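> predicted model and sequence below, questions to follow.
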Amino acid sequence: MNRRTDRKIALVGGGSVRSPLVVFGVNEAAEALGAAEMVLYDPDPERLRVMVDLGKAIVRRGGGQLRLRAATSIEDTIEGADFVLNSIRIGGIAGRAADERVAIEHGYSGQETTGPAGVAMGLRTIPVAIEQARLVERLSPDAWLVNFTNPAGLITQAVSDHSKARIVGICDTPTELFHNIARALGEPFESVECDYVGLNHLGWVRSVRVRGEEKIDTLIDSDELLRSLYLAPLFDTDMIRTLRLIPTEYLFFYYERQRALANQRRQGGSRGAEIATLNDELIAALSSRLAAGQGDEAVDIYAAYLNQRSGSYMKLEAEGGSAFDDGVSLDVDPFRVATGYHRIAIDVMSALTGAKPAPIVVNTRNRGAVPDLPDADVVETLCDISLDRIEPRRVAPLPDAVAGLVRSVKAYERAAIASVLEGSRLVARKAMLIHPAIGEWTPTASLLDALLGHANEDGECLCHGPMHR
C-alpha cells in the first residue's frame, strides 16, 4: 500500500494552458499519489507565472494542501522528482499555426501531429526531448518520465531509443473513445472491454465486450450509434462497417485527407490558428483577474475556455466550422469529467505508485505484444500497470486493412529520428516520402524549406541544428 507523502511531481512545459488541469488532478489525487509538491518549469516566465498563479487558485478552491511553485531552472524542476511530466511545444502555438498553414498551402491537410505539420513538429521536438530525458536520467534516475509531448508515439520512441530514462507515453484519445462506446451502448464504463490496437493517433477498436459478450456488431450495424462516438461527423459509417474497425478520431487525417483540406480552405484557417487566438484571449483575461486578486473568477474563465476548446474539437476539419461559432461550448465541469488530459496522467501515476494498479492504454515498448512489430517499437496498447511496472498485454496480429499503414508510420518514425541524429536533410525528406499522408518525393524539398527554413551554406537549419543536404 502506498505510504509515501513526500513525492515531488515535476511538469516541464508548465506554461501550457493545459497545466492547470494537471495541477487540479494532482491536487485531487495527492493522497493516493503521496504528492507533497508540484514544480512547474517553462522558458516563458510570464506564461509560467500565470499558470502557477492559476494553479494555486485551483488548489485553494479545491481545499488541497499541494505545494505549487515555479522552478528557477529545468534542473531545479527535475532534480529529486518522482514523476516528470513532459508537455513541451517547440515554437509554441504560433509554430503549430504556421506549420498547419504551410501544409494547407502545399495541398495537404494541416494537423499538428500528422502529415507535413506533424513531421515538422517531430523534427523540432526530438532533440529537445532527448536532451531533457538525459537530464532526468542524470538528476532523477528512478523517476518516471510521463510523456505528453506530441507527436507522443514518435517522441516516446526517440527517448526510449536514446536515453535510459524510464518513460511512458500517454494520450487520452483511446480512453475517450472507450467511454464514448460505453455511453453509446448504455453501459457502465467498468462493464465494457475494448480490444484496441495501433500507434498513438493511429489506433482502432476491433472488439467490444460487455460482461464477456461481444457487442461490436451492435455498434457497427447502427449509423446512429457510430455517429455518436465522435463530436463531429468524421467517418462514413459504411467505411467503418467494411473495415469492421472503429477508428480513433485522428484517422480522419488519413482516411479523409481531401475533405479535411477542403474544409480548412473553406473556413480559411486551421485549428492551430484558432487555438492561438483562444490562448491569447485567455492569457490576457487570466493576467488581469489574477493581478486583481480575483482567483475564483480566473478559474471560472479558465473553465469556460476549456469548454469552448473541447466543444469545438474537430468541427473545423470535419464541417468547416469554428471554435467561435455559437453553441459549440460544452456545458460540463471540465475539471471533473471522466476522461481527458489530466485524468490519464493521474491514472498512470496512481498505478505506477502502486496505489491503484489498473489496465490502461499507454505508449510503451512492444515487447511481443503486437506480433507484427519488433519488440523495441513503441506501440499504443493496453498494459497492466502496477508498482513501477508496465506490462503490455499480448494482442492478435494487426488486421490486414491497417497493418501496412501501421508499419509505414513506424518506418517514418525511424527515418525521422535518424534524420535528427544524423543531421541529414536528405533523410528528413526520406521520412516525408515514407509518411503515408505525404508519400511523394518532389514536394518534400519545398515542404521542408517552408516548414523549417532553408539551410544556409553551413547546413544550418532552423529545425534542430546542422542538417546536411
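Looks like it arrived, so ask away. Numbers count the residues shown, from 1 in each chain.
> ok, Leu139 - how many residues close by?
Neighbours of Leu139 under the rule other C-beta atoms under 10 Å: 18. Where C-beta positions appear, they are placed from N, C-alpha and C, glycine not excepted.
> with Ala10 instead?
Around Ala10 there are 29 residues (other C-beta under 10 Å).
> and for Glu440?
When counting by other C-beta under 10 Å, one arrives at 10 neighbours for Glu440.
> over to Leu68?
Other residues within reach of Leu68, judged by other C-beta under 10 Å, total 24.
> so where's the stretch 351-469 of the chain uncertain?
Counting by pLDDT under 70, the stretch 351-469 of the chain shows low-confidence ranges at 454-469.
> strands along that one, start to end?
Counting by DSSP state E, counting those that start in this stretch, the stretch 351-469 of the chain has strands at residues 358-365, 378-386, 389-392, 460-461, 465-466.
> could you do the stretch 1-150 of the chain as well?
In chain order, the stretch 1-150 of the chain shows strands spanning 7-12, 35-41, 67-70, 83-86, 144-147, with DSSP E, counting those that start in this stretch as the criterion.
> now the angle from the first one to strand 35-41?
Just to be clear, that refers to strand 7-12. Between the axis of strand 7-12 and that of strand 35-41 there is an angle of 20 degrees, by axes from the mean of the first three to the mean of the last three C-alpha atoms, to 10 degrees.
> contacting residues around strand 7-12?
Strand 7-12 is contacted from outside by 19, 22, 26, 33-42, 71, 74, 77-78, 80-88, 132, 143, 349, 353, using C-beta atoms under 8 Å, 6 or more residues apart in numbering.
> show me what it pairs with in its sheet, parallel or antiparallel.
strand 35-41 (parallel), strand 83-86 (parallel) (DSSP bridges).
> check the last one too.
Neighbouring strands of strand 144-147 in its sheet, by DSSP bridges, are strand 83-86 (parallel), strand 166-169 (parallel).
> tabulate the ones you listed in a markdown table, adding columns for mean pLDDT.
What follows is the strands paired with strand 144-147, written out as a markdown table (pLDDT from 0 to 100):
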| stretch | mean pLDDT |
| --- | --- |
| strand 83-86 | 98 |
| strand 166-169 | 98 |
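> could those strands be laid out in JSON lines, adding mean neighbour count?
JSON lines is the format used below for the strands paired with strand 144-147 (neighbours: other C-beta atoms under 10 Å):
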{"stretch": "strand 83-86", "mean neighbour count": "26"}
{"stretch": "strand 166-169", "mean neighbour count": "25"}
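> closest to Glu214 out of these?
Nearest of the strands paired with strand 144-147 to Glu214, taken as C-beta to C-beta: strand 166-169 at 29.5 Å.
> any chance you could list what contacts the closest one?
The set of residues external to strand 166-169 that reach it, using C-beta under 8 Å, 6+ apart, is 133, 142-147, 152-153, 155-156, 159-160, 200, 348, 352, 362-364, 378, 380, 390.
> that older thread, make JSON lines out of the strands paired with strand 144-147 and add distance to Arg265.
Formatted as JSON lines, the entries for those read as follows, by distance: least, C-beta to C-beta, whole Å:
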{"stretch": "strand 83-86", "distance to Arg265": "34"}
{"stretch": "strand 166-169", "distance to Arg265": "32"}
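> Gly15 is nearest to which of these?
Sorting those by C-beta to C-beta, the top spot, which is the nearest, belongs to strand 83-86 at 13.2 Å.
> TSV for the strands of the stretch 1-150 of the chain, including distance to Ser288?
Formatted as TSV, the entries for the strands of the stretch 1-150 of the chain read as follows, by distance: least, C-beta to C-beta, whole Å:
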stretch	distance to Ser288
strand 7-12	24
strand 35-41	21
strand 67-70	20
strand 83-86	28
strand 144-147	32
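> which residue ranges of the stretch 151-300 of the chain form helices?
In the stretch 151-300 of the chain, the segments counted as helices under DSSP state H, counting those that start in this stretch are 152-162, 173-185, 216-220, 223-227, 237-243, 252-255, 257-267, 271-291, 295-311.
> any chance of a markdown table for those helices, columns mean neighbour count, distance to Arg336 and mean pLDDT?
Output for these, formatted as a markdown table (neighbours: other C-beta atoms under 10 Å; distance: least, C-beta to C-beta, whole Å; pLDDT from 0 to 100):
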| stretch | mean neighbour count | distance to Arg336 | mean pLDDT |
| --- | --- | --- | --- |
| helix 152-162 | 26 | 24 | 98 |
| helix 173-185 | 20 | 14 | 97 |
| helix 216-220 | 16 | 27 | 97 |
| helix 223-227 | 15 | 26 | 98 |
| helix 237-243 | 15 | 31 | 98 |
| helix 252-255 | 20 | 28 | 98 |
| helix 257-267 | 17 | 32 | 97 |
| helix 271-291 | 18 | 20 | 97 |
| helix 295-311 | 19 | 10 | 97 |
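> and those: which comes nearest Pro436?
helix 252-255 (6.4 Å).
> quick one: that closest one to chain centroid distance?
Using C-alpha atoms, centre = their mean, to the nearest Å, we find the averaged C-alpha position of helix 252-255 to lie 17 Å away from the chain's own average C-alpha position.
> elements contacting it?
Of the remaining helices and strands, those touching helix 252-255 by 3 or more C-beta pairs under 8 Å, 6 or more residues apart in numbering; DSSP states H and E are helix 315-319.
> residues in contact with the helix it packs on?
Against helix 315-319 from outside (C-beta under 8 Å, 6+ apart): 109, 111, 231-234, 252-253, 259-260, 263-264, 267, 269-271, 274, 321-323, 325, 328.
> quick check: longest helix of this structure.
In the chain, taking DSSP state H as the definition, the longest helix is helix 115-139.
> which neighbouring elements make contact with that one?
Secondary-structure packing of helix 115-139 (3+ C-beta pairs under 8 Å, 6+ apart): helix 74-78, strand 83-86, helix 92-105, strand 144-147, helix 152-162, helix 400-422, helix 425-434, helix 442-452.
> now the buried members of the contacts of strand 166-169.
Restricting those to buried positions leaves 133, 143-147, 152-153, 155-156, 159-160, 200, 348, 352, 362-364, 378, 380, 390, with burial counted as 16 or more other C-beta atoms under 10 Å.
> quick one: Arg101 from Asn279, how far?
Here Arg101 is placed at a distance of 16 Å from Asn279 (C-beta to C-beta, to the nearest Å).
> also Ile78?
The gap separating Ile78 from Asn279 is 26 Å, by C-beta to C-beta.
> now Ile167
With the distance defined as C-beta to C-beta, Ile167 ends up 27 Å from Asn279.
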